[in-house]
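1. Here is a sequence with its predicted model. Questions after.
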Number of protein chains: 2
Amino acid sequence: MVTLSEENYLKAIYHLGKQGMLAVTTNAIAEQMDTKASSVTDMLKKLSDKNLANYVKYQGVSLTEEGRLAAALVVRKHRLWEVFLVEKLQFSWDEVHDIAEQLEHIKSLKLVDELDAFLGCPTHDPHGDPIPDKHGNIGKMNKIFLAQLNPNDHCICIGVSDSSADFLKYLDKHQIALGTSIEIISKETFDESMTIKVNNALLNISKIVSNNIYVKKA
Amino acid sequence: MVTLSEENYLKAIYHLGKQGMLAVTTNAIAEQMDTKASSVTDMLKKLSDKNLANYVKYQGVSLTEEGRLAAALVVRKHRLWEVFLVEKLQFSWDEVHDIAEQLEHIKSLKLVDELDAFLGCPTHDPHGDPIPDKHGNIGKMNKIFLAQLNPNDHCICIGVSDSSADFLKYLDKHQIALGTSIEIISKETFDESMTIKVNNALLNISKIVSNNIYVKKA
DNA sequence: ATAATAATTTAGACAAGACTAAAAATATAT
DNA sequence: ATATATTTTTAGTCTTGTCTAAATTATTAT
């Protein structure tokens, strides 16, 4: 039995582990989870005792195969529930995280598989992040910057990296929102500015703008 | 904020309160929740402090209006999730309780309402129990004993009150299972035995049998 | 009415998970 | 190489919810 708290730690280690570092540090986990380093140390001992993590005092932690699988399952559940909330219920992109954070802890393997089938075995969640399969295998991210696309590409806006009021106001003015379809019309080579089509209107955007908009290819 | 544990106690008091007794006793709650009376006492103080229950030492407990509403919401969520599991995913009648027991604690009013709409605002769960509306109002139970029906009535089997191996084997032999449609053909007055039609076959059952099968009218 | 029985509460302990403050280990800078 | 700063761990405390055993209150039987 893996407790709710243990699952949250496993998930945090899993995510931090993906972002490069070999051994995840105590402080990194504490910051990610908005908790104290001492609490993290306590839990790392517990996870180590349960053979879910390889923990060496002062040296950081990594997941065992068993821990990696448990973490991937939590991530799988989280992302499947997000798809459910957006596609089947009337939730928007930005409302689903807190609820999925709760739903990811529901224990029932059959439920996960049935939900997966009900949703048509989606490969990515509404944010473009890949959904691990039942064996913990995970595809690659579907989330790129608008700047990386080329003329004739079609995509959908799934997020922003700069969420300042100014930038959001700019997007609002030009009718770019979450879920908005965008077509790349042309791209200048000298300054990498782009002409895009949004809601049938043409719009010229600078590299700074296109580099702050996350999209997934349509 | 109502904790998970508090919600479970509220639900228990809510259910026991329906079954007649004015004030619910400590022991009744302990038995229902498979816990110790001393734990119940601790919790009753907490619920009383939070204005969710009217608790008088040695005299039992009842819910306040606020507590009744909170309890009804938990029951509402439980039963809506049961409908979801049976109608949308491929769960059968008897697999859903434990999962709904977890799902009922997910906190999001919007989720409840959207789920309700997605399911077409069902009035009863797969066991025939009524689903409280968002104001905590609840209809009447849809679950009666087969024995209470009369010739020409049509119904669907939704449960049994005697779940001994012998009885289940008897039902199995006569192809009566959860979800089976049953039509009442005739009823003897002297011993209240019945002739019923199951899967196009006629079958004679005693009062003892018909009084152990829960059905809902079709 | 009082003794016996049953129900309930109190007192004290425990486990999980979190925190603060202090100590120990590691990393960094001169 | 040593002093300083940072990171991590330890020790001890707190909260929630649980338990056992003992004490108290209510109920029942004579």
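-> That came through, no problem.
2. Tell me how far the most far-flung residue of chain A relative to its centre lies from A:Leu149.
-> When each C-alpha in chain A is compared with the mean C-alpha position (Cα atoms, centre = their mean), A:Phe190 comes out farthest, at 32.7 Å. The gap separating A:Phe190 from A:Leu149 is 18 Å, by Cβ to Cβ, to the nearest Å. No exception for glycine: its C-beta is placed from N, CA and C like everyone else's.
3. if we can go back for a sec, what helix or strand is the residue farthest from the centre of chain A on?
-> Per DSSP states H and E: A:Phe190 is located in neither a helix nor a strand.
4. For it, grab phi and psi.
-> phi -70, psi -40 (degrees, to the nearest 10).
5. same thing with A:Tyr214?
-> According to degrees, to the nearest 10, A:Tyr214 has phi -90, psi 130.
6. do the same with A:Asp125
-> According to degrees, to the nearest 10, A:Asp125 has phi -90, psi 180.
7. how near is the residue found closest to it once you drop the neighbours it is linked to in the chain to A:Glu101?
-> In this structure, A:Asp125 finds its nearest non-sequential neighbour in A:Arg79, 3.8 Å apart by Cβ to Cβ, 6 or more residues apart in numbering or on different chains. Separation of A:Arg79 from A:Glu101 (Cβ to Cβ) stands at 12 Å.
8. More neighbours: those two, which one.
-> Comparing A:Arg79 with A:Glu101 by neighbour count (other Cβ atoms under 10 Å in any protein chain shown), the higher total belongs to A:Arg79, at 24 against 14.
9. Return the set of buried residues in the one helix or strand the more buried one maps to.
-> Element membership for A:Arg79 (DSSP H and E) is helix A:65-87. Going by neighbour count (16 or more other Cβ atoms under 10 Å in any protein chain shown), the buried part of helix A:65-87 is A:67-86.
10. One more: stretch A:148-157?
-> In stretch A:148-157, counting by 16+ other Cβ under 10 Å, buried: A:149, A:153, A:155-157.
11. Might you enumerate the residues of chain A proximal to DNA strand C?
-> Chain A comes close to DNA strand C at residues A:3-6, A:8, A:35-36, A:38-39, A:42-43, A:46, A:58, as judged by Cβ under 7 Å from any atom of the strand.
12. Restricted to buried residues, select those in PyMOL.
-> The following PyMOL line selects those of the residues of chain A next to DNA strand C that are buried, judged by 16+ other Cβ under 10 Å:
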select buried, chain A and resi 6+8+43+46
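13. Now the two most distant members of the residues of chain A next to DNA strand C.
-> Longest distance between any two of those is 27.6 Å, between A:Leu4 and A:Tyr58; criterion Cβ to Cβ.
14. The residue in chain A that DNA strand D sits nearest to: helix or strand, and which one exactly?
-> Closest contact between chain A and DNA strand D, by Cβ to the nearest atom of the strand, is at A:Asn27 (2.7 Å). Assigned by DSSP H and E, A:Asn27 falls within helix A:26-33.
15. List the contacts of that helix.
-> Applying Cβ atoms under 8 Å, 6 or more residues apart in numbering or on different chains, the contact partners of helix A:26-33 are A:8-9, A:12-13, A:15-16, A:21, A:36-37, A:39-41, A:44, A:60-61.
16. what number of residues lie near A:Ile213?
-> Neighbour tally, A:Ile213, other Cβ under 10 Å: 24.
17. same deal with the one 4 residues further on?
-> With neighbours defined by other Cβ under 10 Å, the count for A:Lys217 comes to 13.
18. so what's the residue nearest to it when sequence neighbours are not counted up against?
-> Closest residue in space to A:Lys217, ignoring its immediate chain neighbours: A:Cys155 at 5.3 Å, by Cβ to Cβ, 6+ apart. Contacts for A:Cys155 (Cβ under 8 Å, 6+ apart) come out as A:146, A:149, A:181-184, A:215-218.
19. Now, of these, which are buried?
-> A:146, A:149, A:182-184, A:215-216.
20. Sitting in strands, which of those residues do you find?
-> A:182-184, A:215-216 (DSSP state E).
21. would you turn those into TSV with pLDDT?
-> Listed next are those as TSV, based on pLDDT from 0 to 100:
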residue	pLDDT
A:Ile182	97
A:Glu183	97
A:Ile184	97
A:Val215	94
A:Lys216	92
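22. Which of these sits closest to chain B?
-> A:Lys216 (24.0 Å; Cβ to the nearest Cβ).
23. Can you tell me the closest non-neighbouring residue to the closest one?
-> A:Gly128 (4.3 Å).
24. What separation do you get for A:Met194 and A:Asn200?
-> 17 Å.
25. Kindly format the C-alpha coordinates of the host helix or strand of A:Ala100 as PDB.
-> Assigned by DSSP H and E, A:Ala100 falls within helix A:96-103. Coordinates of each C-alpha in helix A:96-103 appear next as PDB, following Å, rounded to 0.1, in the frame of the first residue of the first chain:
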ATOM      1  CA  VAL A  96      -8.600  20.900 -14.200                       C
ATOM      2  CA  HIS A  97      -5.400  20.700 -12.300                       C
ATOM      3  CA  ASP A  98      -6.600  20.900  -8.700                       C
ATOM      4  CA  ILE A  99      -9.300  18.400  -9.300                       C
ATOM      5  CA  ALA A 100      -7.000  16.000 -11.200                       C
ATOM      6  CA  GLU A 101      -4.600  16.400  -8.200                       C
ATOM      7  CA  GLN A 102      -7.300  14.700  -6.100                       C
ATOM      8  CA  LEU A 103      -8.500  12.200  -8.600                       C
END
